[in-house]
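Undergrad: This is a predicted model, with the sequence first.
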Amino acid sequence: MTAPGAPSRPQVGIVHPYWNLWEHTAGPTFRADRMALARAVAEELSDAIDPVAVFEIASAEDGLAAGRRLAELAVDAVLVLQTMAVPPAWTMAALDLLPNVPVVVWALHETGLVEGAFDHSSITTQGATVGAPMLSNLLSRAGRPFELVLARRMDPAGIGRVRTALRLAGVAGGIARARLGRIGRPLEGYAHVDVEDAALRSATGIELVFVDPDEVVERYREVGASEVAALGAEVRRDWVFEGEPFPATSLDRSLRAALALERVVDDHRLDGGAFNCHVRQFRFGEPIGIAPCWALGRLTSAGRPFTCTGDIVTAVAMLTTKRLGGAALYHEIEAIDYASGEVVIANSGEHDLAWLSPGARPRLRPNGWFCGKDPHCGLCAVFEPAAGPASLVGFTPHPAALGGFRFVVARGELTPRTFPETGTVNGAFRFRDGPVEDAWARWAGAGVNHHSSATPGDLSAAVVAIARHLGVEAVVV
């Protein structure tokens, strides 16, 4: 199972602004040398980015031409190599044609040495700290998000900052073009998981795509027995089956639902989304007749994260943590151990294999939330994470937030404690900052709903960067 839209190397357009006003101080080959520098930088960064084009911008006309071409190429981000003083309106002419594309400005110096012989030529050739504020001023005036990095070309630490900035810009660019599916509508009364489609699109660029639940039923009917058998063999190879024999048809229904949902997601070119199983087409009616939690986890594990109950705002948080290379475990904080400061992480059956402790095998068992209550019950994952740093990430509309939306990030750790009898993927999380009573109150008070995306690793700085590129707020509690 592939993951369309999963991050690899971001496609980046590189521009080098140039001005001939002072080139007489720098020698006859200065202009050619600058473009050679830009191409060399593109080559050096090509292990981390896909440099799809390198442009010189030496006039407003150059800027317009570069902007049009980069728009045609649908780049994930733009890298501005600012090495000298250049009228910034020329570069803005390009960037104005790329309104939702993240921008990284590298104030690039070829050397860090300043000697007594520092002269007019040196001022021209080492003018990054003159040219960069020219551009950053106009970007700031326009309210255009950007990341500014000052670094020497041959400084490994500085190059590392540039690579990180470009990676995060590329992730943000991909999120801004994402298509998230709404398979049905949220659970009745669950206004806290919903959002206006147009508001989210306007703020972040994310497109919400409605999918009629009946379409999933049609795809379910089309799944062939051989496809089910092939997926079943794969699952038996990779998973531990707990509690066999399973209830009649549980495995078949779960596998068939997974294949049906995969087809629907492929058909609509979805990067993830929100699903509500508590309707007649799924839990409450034939032929599916189950909550297809395992199917949602399979999609999430493959890079296309899905929530349940129609929680489209948490789908944004999950897409973000997944694109950042973490997990996207849809979960609730189920309870608090006040003595230890730990909170219980669990859910109603969803999973992400990126949550699984390295070297462990995931377990598959009947979903106890529904077995005995529904005429049929599907299967779900049970497994635990490794101990270590972790983050909880939520997303929500908020009237006081930049752009009308905010990410909320809680830093902490996953402890060795586990809760396998929850019957789902589980773990214990401890907030990093302050007693649990205070930390949880800050977390909930920042506006998250009762779901969020849990992931190993401290992703707080990365989420803040993504929010900045998207033009929304991030709160770290």
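TA: Structure received. Predicted model, so just to flag it, every value in this text is computed and none were measured.

Undergrad: and Arg442, what does it touch?
TA: Asp433, Gly434, Val477 (CB atoms under 8 Å, 6 or more residues apart in numbering). Bear in mind the C-beta positions are built from the backbone N, C-alpha and C, glycine included.

Undergrad: ok, for the second one, nearest residue in space, not its chain neighbours?
TA: The one in question is Gly434. In space, and not counting its chain neighbours, Gly434 is closest to Arg442: 7.7 Å by CB to CB, 6 or more residues apart in numbering.

Undergrad: State the mean pLDDT of the helix or strand hosting that neighbour.
TA: For Arg442, the host element (DSSP states H and E) is helix 436-445. Averaged over helix 436-445, pLDDT sits at 98.

Undergrad: in that helix, what counts as buried?
TA: Buried residues in helix 436-445, defined by neighbour count with 16 or more other CB atoms under 10 Å: Val436, Ala439, Trp440, Arg442, Trp443.

Undergrad: what do you get for stretch 374-386?
TA: So for stretch 374-386, counting by 16+ other CB under 10 Å, buried means His376, Cys377, Gly378, Leu379, Cys380, Ala381, Val382, Phe383, Glu384, Pro385.

Undergrad: In strands, which of these fall?
TA: Taking DSSP state E as the definition of strands, the buried residues of stretch 374-386 contribute Leu379, Cys380, Ala381, Val382.

Undergrad: can you put the residues you listed in TSV and add pLDDT and distance to Gly310?
TA: Output for those, formatted as TSV (pLDDT from 0 to 100; distance: CB to CB, whole Å):
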residue	pLDDT	distance to Gly310
Leu379	98	22
Cys380	98	19
Ala381	99	21
Val382	99	24
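
Undergrad: which stretches of the chain have low pLDDT?
TA: Confidence mapping of the chain against pLDDT under 70 gives the ranges 1-7.

Undergrad: for it, which helix is longest?
TA: Secondary structure of the chain read by DSSP state H shows that its longest helix is helix 156-176.

Undergrad: ok, and the closest non-adjacent residue to the residue most central in space within the chain?
TA: For the chain, the residue nearest the mean C-alpha position is Thr320 (2.3 Å; CA atoms, centre = their mean). Leaving aside its chain neighbours, Thr320 sits nearest to Ile466 (5.8 Å; criterion: CB to CB, 6+ apart).

Undergrad: can you tell me which residues contact that neighbour?
TA: Residues near Ile466 by CB under 8 Å, 6+ apart: Leu168, Val171, Ala172, Ile175, Thr320, Leu324, Phe407, Ala474.

Undergrad: let's go with 10 Å and repeat that
TA: 102, 168-169, 171-172, 175-176, 320-321, 323-324, 393, 407, 459, 472, 474 (CB atoms under 10 Å, 6 or more residues apart in numbering).

Undergrad: which one of the residues you listed is nearest Val54?
TA: Ranked by distance to Val54 (CB to CB), those are led by Ala169 at 16.7 Å.

Undergrad: who touches that closest one in this structure?
TA: 10, 12, 49, 76-79, 101-104, 145-147, 465-466, 468-469.

Undergrad: tell me the domain ranges of this protein?
TA: As recorded under automatic domain parsing, the domains making up the chain are 11-176, 179-476.

Undergrad: for the host helix or strand of Ala42, which positions count as buried?
TA: For Ala42, the host element (DSSP H and E) is helix 30-44. Of all the residues in helix 30-44, those buried under the rule 16+ other CB under 10 Å are Phe30, Arg31, Arg34, Leu37, Ala38, Val41, Ala42.

Undergrad: Got phi/psi on Ile206?
TA: With angles defined as degrees, to the nearest 10, Ile206 sits at phi -70, psi 130.

Undergrad: surely it meets Leu270?
TA: No - counting by CB atoms under 10 Å, Ile206 stays clear of Leu270, with 11.5 Å between them.

Undergrad: What number of neighbouring residues does the closest residue to Arg361 other than its chain neighbours come out with?
TA: Nearest residue to Arg361 in three dimensions, chain neighbours excluded: Val240, at 5.1 Å (CB to CB, 6+ apart). Using other CB atoms under 10 Å, Val240 is surrounded by 13 other residues.

Undergrad: how far away is Val240 from Gly427?
TA: As judged by CB to CB, to the nearest Å, Val240 and Gly427 stand 18 Å apart.

Undergrad: Most tightly packed of the domains of the chain?
TA: Neighbour counts (mean count of other CB atoms under 10 Å) averaged over each of these peak at domain 179-476, with a mean of 20.

Undergrad: and it, how far apart are its ends?
TA: 26 Å (CA to CA, to the nearest Å).
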